[in-house]
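>>> got a predicted model here, sequence first, then my questions.
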Amino acid sequence: MTIVDLIRLLSDGEFHSGEQLGERLGVSRAAVWKQLRKLEALGIVMEAVKGQGYRLAEPLELLDGARIVAGLSRESRGLLTRLFVEETLPSSNAFLRERFDQGAGHGEVCLVEQQSAGRGRRGRTWSTPWGRSLMLSLGWRVESGVTALEGLSLAAGVVLAQVLERHGVAPRLKWPNDVLLAGPGGDLGKLAGILVEVTGDTAGPCTVVIGMGINVDLPPAFRKGLDQPAAAIHDQAPGLSRNELAVELVEGLLALMGNFEKEGFAVWQAAWNERHAFAGHEVDVVRGQQREQAVAEGVDAAGNLLVRQQGERRRLSGGEISLRVRP
C-alpha cells in the first residue's frame, strides 16, 4: 500500500472507515492508521467523523501517466521516449540526469507529486505542498553544443505562458527564469520557476534537462510560511486539471525541443518581450555583493536582458546576475 493508493480511495468524497480501507488495500487497520498519519504530515487535510470514518477535506487530483500520454498528439508521442510519474523524488531534474548517466534520458519526461530536495536557480530550494503543484522535467540530447541552447529557459517560460493563456490565466515573465502571476491580493507573486541544466561540451554533443516547478493550488496556510509572494494557477483558473495542464505543457515542451537546436531563441524573442513583467521599470542589478540601478528593456535574440544605465544600453547575461524590481 502506498500513499497514492490511500489517496485514490479517499478522493471519492465519501467517508471510509479504517476497517473498510484496510479491506480494500489488503492491510491491517494499524497500517492504515500509519499511512493516515503520513498524509497529515504531508499537509493533506482530512476530515474524521466518529462512526463514519475518513475522507479528504478537499479533492486531490493525482497525476495519471496513461491519461497524459493518451492526450498527446501523434507527433508528440513520436518525440516522447518515456514518461515517468513518481510519488516522491529528491529532484525530477536529478532523476533525469541519472537517466542520462545510464545511457537513456533523451525524450524522457518525469513528473513527481512532491520533491524533497527541489532546487531553483542558484541553489535556492523550491517547496510545494504534496499533489498541488506540477513538478516536471524533460531531458534532451543536443548535438551542436551548449551555445545552441542560449535563451532556452526564456523560451520554456513562453511555452508555459501560452498554455496558461488558453485557460484565461495571464502570466508575466521575469528574466531570466521566473513566471509571475497576480495572486489573491492583486500583487505579482511567483507562479513558476524554470531550471535548465546542461552537461557537455561548448561546441559538441551535450544533454539538457529542463525543470519546471509550477504552483497549481496553494492553501492559505502554506502561503503564510513562504518568504516571498507566491501565486497559483487556481487563483485565476479554479479547477484547471493538473493532468490537462501536464498534457499541454509536455506537448509544448516537446515541440520546443524538437526545433530549438535549429531555430534558436530568436523565434521566441518577440513572444517573450510581449510578456515581459518589468519592461521600462527601474530594477536593481545584483552581482554578488554589488547592486546597481538600471531601467529594464527587452531581451535580445540570444536571451540577454537589455538595460539602460546612465544613458547607455548594456546587455546582461545569466550567471550570477539577479534582478530585483525597485518599489
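Okay, I see it. Numbers count the residues shown, from 1 in each chain.

>>> tell me what the biggest strand by length in the chain is packed against?
Counting by DSSP state E, the longest strand found in the chain is strand 188-200. Counting by 3 or more CB pairs under 8 Å, 6 or more residues apart in numbering; DSSP states H and E, the packing neighbours recorded for strand 188-200 are helix 92-101, helix 152-165, strand 178-182, strand 206-215. (Each C-beta comes from the backbone N, C-alpha and C, glycine too.)

>>> reformat these as TSV; add distance to Tyr54, mean pLDDT and mean neighbour count.
Formatted as TSV, the helices and strands packed on strand 188-200 follow (distance: least, CB to CB, whole Å; pLDDT from 0 to 100; neighbours: other CB atoms under 10 Å):
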stretch	distance to Tyr54	mean pLDDT	mean neighbour count
helix 92-101	30	97	20
helix 152-165	34	98	23
strand 178-182	34	94	22
strand 206-215	27	96	25
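
>>> wait, which of the ones you listed is closest to Gln290?
With CB to CB, the closest approach to Gln290 among the helices and strands packed on strand 188-200 belongs to strand 178-182: 21.3 Å.

>>> paired strands for the closest one, with orientation please.
Sheet pairing of strand 178-182 (DSSP bridges) gives strand 172-174 (antiparallel), strand 188-200 (antiparallel).

>>> determine how far that strand lies from the middle of the whole chain.
With CA atoms, centre = their mean, to the nearest Å as the basis, strand 178-182 stands 12 Å off its chain's centre.

>>> and that strand, C-alpha only, in PDB?
Output of strand 178-182 as PDB, limited to C-alpha atoms (Å, rounded to 0.1, in the frame of the first residue of the first chain):
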ATOM      1  CA  ASP A 178      10.600  33.100 -13.400                       C
ATOM      2  CA  VAL A 179       6.900  33.200 -14.300                       C
ATOM      3  CA  LEU A 180       4.700  35.600 -12.300                       C
ATOM      4  CA  LEU A 181       1.000  35.900 -11.700                       C
ATOM      5  CA  ALA A 182      -1.300  38.200  -9.800                       C
END
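
>>> wait, Ser133 sits on Met212?
No. In this structure, Ser133 is not within contact of Met212 by CB atoms under 8 Å, at 9.7 Å.

>>> measure stretch 284-292 end to end?
Using CA to CA, to the nearest Å, one end of stretch 284-292 lies 5 Å from the other.

>>> and it, what's its mean pLDDT?
The pLDDT scores in stretch 284-292 average 83.

>>> buried residues in it?
Within stretch 284-292, the residues that qualify as buried are Val285, counting by 16 or more other CB atoms under 10 Å.

>>> which residues outside that stretch are in contact with it?
293-294, 307, 309, 316, 320-326 (CB atoms under 8 Å, 6 or more residues apart in numbering).

>>> and what of stretch 251-267?
72-73, 75-76, 79-80, 107, 109, 138, 140, 142-144, 148-152, 154-156, 159-160, 162-163, 210, 301-303.

>>> check stretch 218-229 too.
With CB under 8 Å, 6+ apart, stretch 218-229 has contacts from 43, 45, 127, 129, 132, 183, 187-190, 230-232, 234.
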